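Asks: Build me a model:
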Amino acid sequence: MTLRLLAGGLGLGWLLGAAGAVFGLFRSAAAAHAEHAVSLVVILFVAIPSGAMAALSLASGYGTPALVIAAFVAPRVFRFLRVLLRAHFSMAHILQARAAGLRTSSILRVHVLPGALT
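Replies: Here you go, the predicted structure:
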């Protein structure tokens, strides 16, 4: 395995996990259903050992090592970031910004993400 494949798999895993966690913050019905679906996929991927996933991927001929790494990393990143973002999203100044009528996307971009990433 090359360093490029490893970095690609880790990057893809972080990207998928972060996208799922951020999408789960929105309060629409579609986001709630999507978060439940992502949570079920996360549980499935966490339950499957990475060695078995790699063997199935290579045996089928469709998977690459980067996809296996991403499938292993994404659920863990999702769970970690979901808890972190929800904790920041429920802080007092964020609740006040929501009550003032600011859009969720601007609250997320200006207040939640910088606070969660520091």
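Asks: Break down this structure into its helices, ranges please.
Replies: Along the chain, counting by DSSP state H, helices occupy 3-23, 29-47, 50-60, 65-89, 92-99, 104-107, 113-117.
Asks: and the direction of the fifth one versus that of helix 65-89, what angle?
Replies: In this structure, helix 92-99 runs at an angle of 90 degrees to helix 65-89, with axes from the mean of the first three to the mean of the last three Cα atoms, to 10 degrees as the basis.
Asks: Just say which of the helices of the chain is most tucked in.
Replies: Mean neighbour counts were compared across the helices of the chain using mean count of other Cβ atoms under 10 Å; the top stretch is helix 65-89, at a mean of 19. C-beta: built from backbone N, CA, C; applies to glycine.
Asks: Mind checking the pLDDT average for that one?
Replies: For helix 65-89, mean pLDDT is 79.
Asks: and what of stretch 41-61?
Replies: Averaged over stretch 41-61, pLDDT sits at 69.
Asks: which residues sit in contact with the residue minimising distance to the centre of the chain?
Replies: The centroid of the chain falls nearest to Gly17 when counting by Cα atoms, centre = their mean (2.0 Å). By Cβ atoms under 8 Å, 6 or more residues apart in numbering, the residues touching Gly17 are Val73, Ala74, Pro75, Arg76, Val77, Phe78, Phe80, Leu81.
Asks: Swap in 10 Å and give it another go.
Replies: Neighbouring residues of Gly17 by Cβ atoms under 10 Å, 6 or more residues apart in numbering: 38, 42, 70, 73-82.
Asks: Show me which of those residues is closest to Arg4.
Replies: Ala70 (13.7 Å; Cβ to Cβ).
Asks: Might one say that that closest one is in contact with Gly8?
Replies: Yes - when contacts are counted by Cβ atoms under 10 Å, Ala70 is listed as touching Gly8 (8.0 Å).
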